[in-house]
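Q: Here is a sequence together with a model predicted from it:
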Amino acid sequence: MASLSGKNVLVIGGSSGIGFATAAGALAEGAKVTIASRSEEKLRAAQALLKGAVEARKLDVSDSAAVEAFFDASPTYDHIVVSGAAFKFGTVRDQNIDDAYAAMNVKFWGAYRVARKATVAPGGSFVFVSGFLSRRPKPNMVLVGAINAALETLAQGLALEMAPVRFNVVSPGIIDTPTRAAMPAEARKTLLENVAKALPVRRVGQAEDCADQILLMLRNTFMTGSVVYVDGGGLLI
């Protein structure tokens, strides 16, 4: 198992949730970590929580020119994690088509742009974060599931096309991250309690559960083209 000590690790979406937990975990293992996201405010807050131990750089992966400029001014990274993609969703008939395009643009095309432009060292890797709706579609979330499935297939194709650089995917289930903070407190509490009761593990996932798997994928040089579901057994029920 390779070590992350001294490795250059970029976490896109590293200012909160799964990305933040991954950045913190990589730091703890001795990596040199850069976090990137669209929000300057969130980046600074994350940097403060991590005691200034990370570099913070603004990046909007939905903007092709911004991605080009970002990586033109970047070093060669050993590992890149692409996490976090906030967008609107709804039923296929009701969702505004521009919002649907925007969702695909930020999550699928964002990862595509990063993989196309970034320079990764020999023996390095990418990890994308998708979601278990790729395997278990739900009403009102049809587009999300389709984007996740496309992202997983993209990673597997890139594992062949860009070998020996490795590409893997972590596909979370229901995770208690800051993205749910916008929900009314009582509704959020009820949702998470009901999910916990239904899952075989009897609890809701935390960002660190996914970060642990991401870090394993960065270290394990015999993993590529893999999609791992960190869902508490959600696909079984």
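A: Yes, it's here.
Q: The longest helix along the chain: which residues count as buried?
A: Looking across the chain with DSSP state H, the single longest helix is helix 142-161. Counting neighbours by 16 or more other C-beta atoms under 10 Å, one finds that the buried residues in helix 142-161 are 142-152, 154-156, 158-159. In this view, the C-beta of every residue, glycine as well, is placed from N, C-alpha and C.
Q: and if you look at stretch 216-230?
A: Across stretch 216-230, burial judged by 16+ other C-beta under 10 Å covers Met217, Leu218, Arg219, Met223, Thr224, Gly225, Ser226, Val227, Val228, Tyr229, Val230.
Q: related to what we said a few turns ago, how far away from the center of its chain is the longest helix of the chain?
A: 13 Å (C-alpha atoms, centre = their mean, to the nearest Å).
Q: Strand partners (parallel or antiparallel) of the next helix-or-strand element following it?
A: Of the helices and strands lying after helix 142-161 in sequence (DSSP states H and E), the nearest is strand 166-172. Applying DSSP bridges, strand 166-172 is found paired with strand 120-129 (parallel), strand 227-230 (parallel).
Q: Nearest approach to Ser37 belongs to which of these?
A: Ser37 sits nearest to strand 120-129 of all those, at 13.4 Å, using C-beta to C-beta.
Q: Pro172: neighbouring residues, count only.
A: The number of residues packed near Pro172 is 26, by other C-beta atoms under 10 Å.
Q: pLDDT value on it, please?
A: Looking at Pro172, its pLDDT stands at 97.
Q: Identify the residues contacting Ala196.
A: Arg202, Arg203, Val204 (C-beta atoms under 8 Å, 6 or more residues apart in numbering).
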